[in-house]
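Chemist: Sequence first, then the predicted structure:
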Amino acid sequence: TLTKEFIKGMPKAELHLHLEGTLEPDLKLVLAEKNQIDIGQTTIAEIEKSYQFDSLPSFLNIYYPAMNVLQVEEDFYQLAMAYLTKVKAHNVRYAELFFDPQAHTSRGISFETVINGYYRAVTDSHTLGIETALIMCFLRDMSAESAAETFEQALPHRDKILGIGLDSDEHGNPPGKFKAVFKRAKEAGFHITMHCDIDQENSIGNIREALLDIQVERLDHGTNIVEDRELVEYVKEQGIGLTCCPVSNGFVVDDMKGKEILDLLREGVKVTVNSDDPAYFQSYISDDIFALSENYDMTPADVVLLAENSFAISWLPEAKKSSYL
Ligand code: ES4
Ligand code: ZN
C-alpha cells in the first residue's frame, strides 16, 4: 500500500546530505571537460562502472578524488543547485547541507571559493521553493589542528554557516579527538552534530562520547545506540534526533539497519531517513524511504512520522518549524 508517489509527495526536510555526494556522473563529465581535468573516464557508463564500493574506505577512495572537477565558485554553486532542483520533485521543503571544506582546501581551492559558491545556492534556493542552510564538516581522518584551522577560516563567514559536523573515516578517529574545536564551535553559537557510523569497532563508545562529552544535538547515522538502553532513553528525553541513511548503510556495511531504524522510530526516538550521497548510492531521499518500505514492514504512519521528525529535529527556528509541522 505504500507507493513511491505517497512517499515522494510527503513534505519533508533532508538533514543528512553531503553536497559533494550529489555530484552526478553527467555534471562530473561536464566540469571535467570545462576545467580540463582527467578523471580517467569519458562516459557516464564508465563512471558508473567505476562505482564499486563495499566499505566506507573503498567508497571514500572514489569519492574524494572525484571532487577535483570542482575548481571555481560557479562549480560549487552549480553542484548545489543541481541537487536542489532534483529534490524539489521529492517535495523537500528544507535541507541542511553538509560540505567538506578540507576536501577542497587540501587540493589548493580556497575556503572562500567553496563557501561563496555553496552559499549563493543557499540564497537562490528560495527560487525553487526550498529553504536551505549549510553545515560545515571536519574530516575526522585529518588532524585536530587542521580542523581548528578550518574553523578559523570559517569565522569570517559565521553568518553563512548554521552548524558544524564531523565526517569521513571514523576508524581510529573518535569524537574526543575534536573535543576542543567542537567546544569552540558550541561557544560560538553553532549547532553541532557528528557522524557516528554503523558498526564501527567502538560504535557505542563513540556514540556515548559524542552525546555526553561533546554534547551533540544530533547523531548522524547512530543506529548502534540500540546497544545501550540508557543512551536510548537519554536521546528520547533530550529530543536528540538520528539522521539515518539506509541505502548508504547497505553499501558500506551491507545492512540497511532497517530493523534498528524502525524500532527506534516506533519507540519515539526522533529518527529521520536521508540520502547521504545520492549521486553515488543512486538514491534520493524518497528512494531511501521507499527502499526501507520494500525491505521491512512499514505503514503510512511510519512515513508520516519520519517526515514530522525531519522538521522537528531540524535547526529551523521554532516558529518556522511549527509552520511545517
Ligand atoms: C560519507 Cl557514507 C560517509 N561516511 C562518512 N563520511 C562521509 N562523507 C560522505 N559520505
Ligand atoms: Zn554522511
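Modeler: Here it is on my side, so go on. Ligands and ions are numbered 1, 2, ... in the order given.
Chemist: And the closest residue to ligand 1 within the stretch 1-150 of the chain, its phi and psi?
Modeler: Taking C-beta to the nearest ligand atom, ligand 1 has its nearest neighbour within the stretch 1-150 of the chain at His18, 4.2 Å off. C-beta here means a position set from N, CA and C on the backbone, and glycine is covered the same way. In terms of degrees, to the nearest 10, the main-chain angles of His18 are phi -90, psi 120.
Chemist: hang on, isn't it packed against Glu96?
Modeler: No. Using C-beta atoms under 8 Å, His18 makes no contact with Glu96, being 11.3 Å away.
Chemist: Could you measure from the residue of the stretch 1-150 of the chain closest to ligand 1 over to Pro156?
Modeler: 23 Å (C-beta to C-beta, to the nearest Å).
Chemist: Spell out which residues of the stretch 51-200 of the chain are next to ligand 1.
Modeler: Those residues of the stretch 51-200 of the chain that sit near ligand 1, judged by C-beta under 6 Å from any ligand atom, are 56, 167-168, 195, 197.
Chemist: redo that, cut-off 8 Å
Modeler: Selection of the stretch 51-200 of the chain residues close to ligand 1 by C-beta under 8 Å from any ligand atom yields 56, 59-60, 63, 98, 100, 137, 167-170, 195, 197.
Chemist: give me the element Met194 is part of.
Modeler: Using DSSP states H and E, Met194 maps to strand 191-196.
Chemist: and the residues of the stretch 51-200 of the chain next to ligand 1 as TSV, adding secondary structure and neighbour count?
Modeler: Converted to TSV, these look like this (DSSP: H, G, I helix; E, B strand; the rest coil; neighbours: other C-beta atoms under 10 Å):
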residue	secondary structure	neighbour count
Leu56	helix	20
Phe59	helix	22
Leu60	helix	18
Tyr63	helix	22
Phe98	strand	25
Asp100	coil	25
Cys137	strand	26
Asp167	strand	26
Ser168	coil	21
Asp169	coil	16
Glu170	coil	23
His195	strand	25
Asp197	coil	24
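Chemist: For the strand holding Met194, list the C-alpha coordinates in PDB.
Modeler: This file holds the C-alpha atoms of strand 191-196, laid out as PDB (Å, rounded to 0.1, in the frame of the first residue of the first chain):
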ATOM      1  CA  HIS A 191      24.700  23.900  16.200                       C
ATOM      2  CA  ILE A 192      26.700  20.700  16.400                       C
ATOM      3  CA  THR A 193      26.300  17.200  15.200                       C
ATOM      4  CA  MET A 194      28.700  14.200  14.400                       C
ATOM      5  CA  HIS A 195      28.700  11.100  12.200                       C
ATOM      6  CA  CYS A 196      28.500   8.000  14.400                       C
END
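Chemist: Residues in a beta bridge with the residue of the stretch 101-250 of the chain found nearest ligand 1, which ones?
Modeler: Using C-beta to the nearest ligand atom, the single residue of the stretch 101-250 of the chain nearest to ligand 1 is Asp167, 3.6 Å away. With DSSP bridges as the criterion, the beta-bridge partners of Asp167 are Leu139.
Chemist: shouldn't it be in contact with Met136?
Modeler: No. Assessed by C-beta under 8 Å, Asp167 is found out of contact with Met136, at 10.4 Å.
Chemist: Mutual contacts of those two, please.
Modeler: Common contacts of Asp167 and Met136 (C-beta atoms under 8 Å, 6 or more residues apart in numbering): Phe98.
Chemist: Can you read off the pLDDT for Ala95?
Modeler: Looking at Ala95, its pLDDT reads 98.
Chemist: Quick check: which ranges of this structure have low pLDDT?
Modeler: Within the chain, the set of residues satisfying pLDDT under 70 is empty.
Chemist: the strands in it, which residues?
Modeler: For the chain, the strands defined by DSSP state E occupy 12-14, 92-99, 131-139, 163-167, 191-196, 218-221, 241-244, 271-273.
Chemist: can I get those in JSON lines with distance to Thr42?
Modeler: As requested, the strands of the chain are exported to JSON lines (distance: least, C-beta to C-beta, whole Å):
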{"stretch": "strand 12-14", "distance to Thr42": "32"}
{"stretch": "strand 92-99", "distance to Thr42": "28"}
{"stretch": "strand 131-139", "distance to Thr42": "29"}
{"stretch": "strand 163-167", "distance to Thr42": "30"}
{"stretch": "strand 191-196", "distance to Thr42": "33"}
{"stretch": "strand 218-221", "distance to Thr42": "35"}
{"stretch": "strand 241-244", "distance to Thr42": "36"}
{"stretch": "strand 271-273", "distance to Thr42": "35"}
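Chemist: For Tyr83, find the nearest of those strands.
Modeler: strand 92-99 (8.0 Å; C-beta to C-beta).
Chemist: Please state the offset of the closest one from the chain centre?
Modeler: Taking C-alpha atoms, centre = their mean, to the nearest Å, the mean C-alpha location of strand 92-99 is offset from the chain mean by 8 Å.
Chemist: again, but for stretch 213-223
Modeler: On C-alpha atoms, centre = their mean, the centre of stretch 213-223 falls 13 Å from the chain's centre.
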